[in-house]
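> next one to model:
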Amino acid sequence: MNILLTSKRSFLLKKNKALFYIIFLLTFGCRTVYGAPLNRTTYNALKAIAQDSTKKQSSNDVITLEQVKDSLALYRKHNNKLEIAKSYHRLGDLHRKLNNPSDAVAHYLMASNRYRELGKINRLVEVYHRLATVYREHNHFNKALEYANQAQRYASEIKNDSLIAMSAFQLGRIYEKIGNHGKAKQSYQTALNLFEKYNRSSHLADMYHHMAEVQEDLGHLNQSLEFHKKALSIRDEINDSSGLAKSFSQLGIIFAAKDDVDLAINYHQRAADIRDKLGNPIQKAQNYIKIGELHSSQGHLNRAVDYANRALHIANSFNALEIKVKALKLALDTHLRLGNIERVKELRDTLEELQDSLETLKHEQQQRNLTFHLQTQEKVDSLEQLQKAQEVQKAQLEKEHFLLIIAIIVALALIIILILLYNRYRYRKHQENLLRNKNEELEELNSRLETLNEEKNDIMQTVTHDMKNPLAGIIGLTDLALSDADSIPREEILEFMEQIEKAAQKMNDMIRKLLDIRTIESGGHNLDIEPNDIIKALGDVVQSNSQKAKEKDIKIVSKFSHNSEMVLGDQTAIQRVLDNLVSNAIKYSPKGKKVVLNLQKKNGTVRVEVKDEGPGIQPDEQSKLFTKFSRISTKPTGGEHSTGLGLYITKQLTNEMNGEVGCESKPGSGSTFFITLPRASQN
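A predicted model of the protein is given here:
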C-alpha cells in the first residue's frame with residue numbers, strides 16, 4: 001500500500017512539472033516580447049562579450065567597436081538599462097583611444113544620462129571625469145570645469161573620499177591649464193589631503209608633482225623644491241622610472257631658475273638617461289634642449305651646439321615639429337654667437353619654413369577645437385534620434401506580437417486540457433503496470449526463496465552425509481579405546497588416534513570450505529592484490545602435498561624454469577587455488593602415476609597447468625565442475641574424502657583476482673586443470 005501511495009505522489013509530481021513548464025513558456029514568451037530582463041545565461045554571455053571587447057588593443061579596434069555595438073543592441077532589445085549605460089561607457093572609452101573625441105563625448109553623455117536615471121552615482125562621477133579630461137585636452141576649459149565641478153558635487157553628496165580627491169585633482173589640472181594657479185593650488189591641496197589620509201603612493205607622487213609645478217608658477221621655488229623632493233622620494237620607493245624622469249626634469253628647471261646651472265644640468269641629464277632606457281626619445285630631446293640652453297647660458301657654446309644637434313636628430317627621426325623648432329632656435333642662437341654666418345643663414349631659412357608649418361598645424365588644431373563642440377552635439381542628437389527610432393520600432397513590434405501572444409495563450413490552454421486528460425489516462429495505465437510489476441517481483445522473490453531453500457537443503461544433506469561417517473568413526477574408535485584401554489597396545493592406540501585425526505581433518509575441511517563460501521558470497525573476503533611470486537607458491541604447494549603423493553606412490557613433475565615469475569594476486573588466495581588443483585590431481589590419480597605441473601607466459605598473463613593421469617571426466621559432467629556441491633561419476637582413487645566445494649572456491653577466488661580457471665579432459669586420458677592470472681609488470 002505504501003509503495004502505491006509513493007508511486008502516486010511521484011506520478012502527480014511529474015504531471016505538475018509538465019504544467020509548470022507550460023506556464024513557464026507562457027511567462028517567458030510574454031517577458032521576451034515586453035522587454036523583460038535577460039535570463040542569467042544570456043546576460044552573462046553578453047557581459048563577457050562586452051568586457052572582452054574592452055581588453056583588445058588597437059589592432060582589433062574595429063572588431064571591438066562592432067562587438068560592443070552588437071552587445072548594446074541586444075541589451076536594448078531586452079531593456080537592460082544598466083548594461084546599456086555600461087555599453088555607452090565602453091564605447092566612449094574606445095572612441096577616446098581611437099582619438100575620436102566627438103564620438104567619445106557623445107557616448108559618455110549617453111552613459112551619464114542613464115547612470116543618473118539609475119542612481120549609479122559612482123559611475124556617473126567616473127564618466128564626468130572622462131568628459132572633463134576630453135574637454136581639457138581639446139582646450140574647451142569652460143566645459144571641462146563644468147563637468148569637473150559636477151563630478152565633485154556628486155562625489156561630495158555620496159561622501160566618497162576617493163572620488164572627491166580625483167575630482168579635486170581634475171579641477172586642479174584644469175585651473176593649472178588656464179593659468180589660475182591660486183585655484184589650482186587650492187584644488188590640489190584638497191586632493192593631496194585626502195591622498196595623504198589614505199596613503200596612496202602613486203597618487204601622492206602625482207599630487208606632489210603638480211603642487212610643485214603650481215608653486216613654481218607662483219614663484220615659490222623653495223616650496224616647489226620641497227614638493228618635488230617628496231614626489232621623488234615616493235617614485236624612487238615604488239620604482240616609478242617614468243615619474244623619476246619627470247621629477248628630475250622639473251628639478252632641473254627649478255635649479256636653473258635658482259641659478260644653480262651645474263645641478264640643473266645634472267638633473268636634466270639624469271632625466272634624459274632614464275627616458276633613453278624607457279624608449280621615450282621625444283622627452284629625451286626636450287631634456288637635451290634644456291641642457292643645451294643651460295650650456296649656452298654659461299658660454300659653453302660648442303656643448304650647446306652638440307645638444308641642439310642631438311635634439312634635432314631625434315626630432316627629424318620622429319617628425320616632431322615643436323621639438324625641431326626649439327632645437328633649431330637653440331642651434332641658431334649658438335651659431336650666431338659663434339659667428340658661423342653661413343650656418344646661421346641655413347638654420348634661419350629652415351626655421352622659418354618650420355615655423356610656418358607649425359603655425360599651420362596650430363591653426364588646424366584650433367579649427368578642430370572650434371568644431372569639436374558642434375560635432376559632439378550632432379553626435380548626441382544622432383544617438384538620441386536613433387534610440388527614439390528603436391523605441392518606436394520596439395513598441396510597434398510589441399503591438400504586433402500582442403495578438404500572437406493571445407493566440408498562443410489560447411492554444412496552450414487547450415494543450416493543458418489535453419495534457420490533463422492524457423495524464424489521467426497515463427496514471428491509470430501507470431497503476432496497472434505498477435501492480436503487474438509488483439506481482440512479477442513477488443513471483444521472482446518466491447522463485448529465489450525456493451532456490452535458496454533448495455540450496456539450504458543441499459547444504460544440510462551434504463553436511464549430514466559427509467560428517468556422519470567421520471563422526472561415527474571417531475565415536476567408534478574412541479569407545480573401543482576407552483572400553484579396553486589397559487589391554488590395547490600403545491601402537492594400536494596411536495593408530496586409533498591417527499584415524500581419529502584423519503576423520504577430524506575431513507570434518508574440519510568441510511567446515512572450512514563452507515565458511516569460505518559464506519565469506520566469499522557475502523562480500524567479506526577482501527583480497528590484497530599485489531605482485532606475488534607464483535613459482536614460490538607452486539614450490540610451497542608441492543612441498544605441502546608431497547606426503548599425500550608419497551602415500552599413493554605418485555610423482556609430482558615440474559616442467560618449468562624455477563626462476564621468479566611475478567603475478568598480480570593475493571598471496572593466500574593464490575596458495576589456496578594452487579593447493580586445490582594439486583591436491584585434486586593427487587586425489588583422482590591412481591597409484592604409481594604422475595602429476596605434471598607446467599607454466600606458460602602469453603599476452604601479459606601467466607598460465608599454470610596441473611595435469612593428472614586419472615580416468616578423466618565425462619563431457620556432460622565438465623560443466624558441473626566449478627559449481628557448488630558438484631557431484632560427478634569420477635571418484636577419488638584412494639578412498640579420499642570430497643566435499644564438492646573445492647573447485648567452486650577455486651573459481652570464485654580466481655575471478656576476484658581477475659583471472660580464469662578451466663579444465664581440459666577426455667575420458668581415459670586424464671585431466672588438465674589450469675588457472676590464468678595477470679602478469680606483474682617487469683621493471
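
> contacts, neighbours, all on C-alpha from now
OK.

> now do the contacts for the closest residue in space to residue 348 that isn't next to it in sequence.
Leaving out its chain neighbours, the residue that sits closest to residue 348 by CA to CA, 6 or more residues apart in numbering is residue 332, at 6.8 Å. With contact taken as CA atoms under 8 Å, 6 or more residues apart in numbering, residue 332 is in contact with 343-344, 347-348.

> can you check residue 573 too?
By CA under 8 Å, 6+ apart, the contact set of residue 573 is 527, 653-654.

> tell me which element it is part of?
helix 571-587 (DSSP states H and E).

> on the three-state scheme, the most far-flung residue of the chain relative to its centre is what?
Distance from the C-alpha centroid of the chain peaks at residue 487, with 90.3 Å (CA atoms, centre = their mean). Following DSSP: H, G, I helix; E, B strand; the rest coil, we place residue 487 in the coil state.

> also residue 557?
Secondary structure for residue 557, judged by three-state DSSP, is strand.

> residues contacting it?
For residue 557, the contact set (CA under 8 Å, 6+ apart) comprises 594-597.

> PyMOL command for the buried members of those residues?
Those of those that count as buried under 16 or more other CA atoms under 10 Å are selected in PyMOL with:
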select buried, resi 594+595+596+597
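
> what about the contacts of residue 557, which are in strands?
594-597 (DSSP state E).

> just the buried members of the contacts of residue 332?
Buried by 16+ other CA under 10 Å: 344, 347-348, out of the contacts of residue 332.

> out of those, list just those in helices.
Mapping the buried ones among the contacts of residue 332 onto helices (DSSP state H) picks out 344, 347-348.

> quick one: residue 120 and residue 127, what's the gap?
11 Å (CA to CA, to the nearest Å).

> so which of the two has more stuff around it?
Higher neighbour count among residue 120 and residue 127: residue 127, with 25 against 14, using other CA atoms under 10 Å.

> which residues touch the more buried one?
Residue 127 sits next to 89, 108-109, 111-112 when contact means CA under 8 Å, 6+ apart.

> of the residues you listed, closest to residue 137?
residue 108 (15.5 Å; CA to CA).

> list the buried ones in the helix or strand containing that closest one?
Using DSSP H and E, the element containing residue 108 is helix 101-118. In terms of neighbour count (16+ other CA under 10 Å), helix 101-118 has its buried residues at 101-112, 114-115.

> in JSON lines, list the residues you listed along with pLDDT and distance to residue 416.
As requested, the buried residues of helix 101-118 are exported to JSON lines (pLDDT from 0 to 100; distance: CA to CA, whole Å):
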{"residue": "101", "pLDDT": "85", "distance to residue 416": "58"}
{"residue": "102", "pLDDT": "83", "distance to residue 416": "56"}
{"residue": "103", "pLDDT": "86", "distance to residue 416": "53"}
{"residue": "104", "pLDDT": "87", "distance to residue 416": "53"}
{"residue": "105", "pLDDT": "87", "distance to residue 416": "54"}
{"residue": "106", "pLDDT": "86", "distance to residue 416": "51"}
{"residue": "107", "pLDDT": "89", "distance to residue 416": "48"}
{"residue": "108", "pLDDT": "90", "distance to residue 416": "50"}
{"residue": "109", "pLDDT": "88", "distance to residue 416": "50"}
{"residue": "110", "pLDDT": "88", "distance to residue 416": "46"}
{"residue": "111", "pLDDT": "90", "distance to residue 416": "45"}
{"residue": "112", "pLDDT": "90", "distance to residue 416": "48"}
{"residue": "114", "pLDDT": "89", "distance to residue 416": "42"}
{"residue": "115", "pLDDT": "92", "distance to residue 416": "44"}
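
> thanks again, I'm all set now.
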